[in-house]
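Participant: Everything below, folded, please.
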Amino acid sequence: MTSPLKLSPSDQEHLIDKLQVFKIHGRDKRGRKVLCIIGKLFPARLVTTEVLNKYLEEKIFANLKDKPFSVVYVNTGVQGNENFPGTSTLRSIYDAIPINVRDNLEAVYFVHPGLQSRLFLATLGRVIFTGGMYRKLQYVNRVEFLWNHVRRNEIEFEIPEFVFDHDEELEHRPMMEYGLESDHRRAYGTPSVDSAVSMYSMRCIA
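Facilitator: Numbers count the residues shown, from 1 in each chain. Alright, predicted model coming up:
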């Protein structure tokens, strides 16, 4: 993850909050809390690993240390260094997760994995996510299948519209899912990270 040149640590934390990359809301079918992560909204080029770890420790992990929980990670629209933090950052985040929080994580629902993500997780993922974490991963190819695992009425409104749009596109272009057809349209009807950051900067940092 490249080092940001314009934002102070407090501004970086404010940005993560504003973009709502991480949000604890609703429960899965087993009654566990759900941490929803929208990968496309993560400002990888503007947030340092240190700030991210501090944010997660204070704002997220502190609320997940007492009871079992699950994660819904939405991979739709994640591309390279635009919004993917990188393997070294992923390893740093994993190492920084408190043991009790790591033990409480019982399932990771990975929405719209795609071929590249599957290959990455099948190789480097096994190295990065040790201690049984990899076995908790479940691929979810369509949002409609996510409702088999989480309570739809509590989670659906947390999923951005571009994710549902991608579901529809996969119905008409199924080979995209296996990397056999390129996804040349990335405008899913929601602001990109860059545009979101621009809007954020124009409004000034409170």
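
Participant: Under the pLDDT cut-off, which ranges of this structure? List them.
Facilitator: Residues of the chain that meet the criterion pLDDT under 70 lie in 1-5, 173-206.

Participant: can you give me the strands for this structure?
Facilitator: 22-27, 33-38, 69-74, 105-111, 137-140 (DSSP state E).

Participant: Of those, which is nearest Thr49?
Facilitator: Nearest of the strands of the chain to Thr49, taken as CB to CB: strand 22-27 at 15.1 Å. C-betas here are computed from N, CA, C, even on glycine.

Participant: Who are the packing partners of that closest one?
Facilitator: Counting contacts by 3 or more CB pairs under 8 Å, 6 or more residues apart in numbering; DSSP states H and E, strand 22-27 packs against strand 33-38, helix 152-155.

Participant: How far away from the center of its chain is it?
Facilitator: With CA atoms, centre = their mean, to the nearest Å as the basis, strand 22-27 stands 12 Å off its chain's centre.

Participant: show me where the protein has helices.
Facilitator: Applying DSSP state H to the chain gives helices spanning 9-19, 49-55, 80-83, 87-96, 99-104, 114-128, 143-146, 152-155, 161-172, 193-202.

Participant: Pipe those into CSV and attach mean neighbour count per row.
Facilitator: Output for these, formatted as CSV (neighbours: other CB atoms under 10 Å):
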stretch, mean neighbour count
helix 9-19, 17
helix 49-55, 18
helix 80-83, 14
helix 87-96, 15
helix 99-104, 14
helix 114-128, 14
helix 143-146, 17
helix 152-155, 15
helix 161-172, 16
helix 193-202, 14
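
Participant: Would you reformat these as TSV and include distance to Phe69?
Facilitator: Listed next are those as TSV, based on distance: least, CB to CB, whole Å:
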stretch	distance to Phe69
helix 9-19	19
helix 49-55	17
helix 80-83	23
helix 87-96	16
helix 99-104	6
helix 114-128	20
helix 143-146	16
helix 152-155	13
helix 161-172	21
helix 193-202	26
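
Participant: closest one to Lys65 among those helices?
Facilitator: Lys65 lies closest to helix 99-104 among the helices of the chain, at 5.1 Å (CB to CB).

Participant: what does that closest one rub up against?
Facilitator: Phe61, Leu64, Lys65, Asp66, Lys67, Pro68, Phe69, Gly131, Met133 (CB atoms under 8 Å, 6 or more residues apart in numbering).

Participant: Name all residues that make contact with the fifth one.
Facilitator: For Lys67, the set of contacting residues under the criterion of CB under 8 Å, 6+ apart consists of Arg32, Lys33, Asn104.

Participant: Is the second one in contact with Ile24, as I believe?
Facilitator: Yes - in terms of CB atoms under 8 Å, Lys33 counts as a neighbour of Ile24; the distance is 6.0 Å.

Participant: out of these two, which sits in the more crowded spot?
Facilitator: Comparing Lys33 with Ile24 by other CB atoms under 10 Å, the one with more neighbours is Lys33, at 18 against 14.

Participant: and the gap between that one and Val143?
Facilitator: For Lys33, the distance to Val143 equals 20 Å [CB to CB, to the nearest Å].
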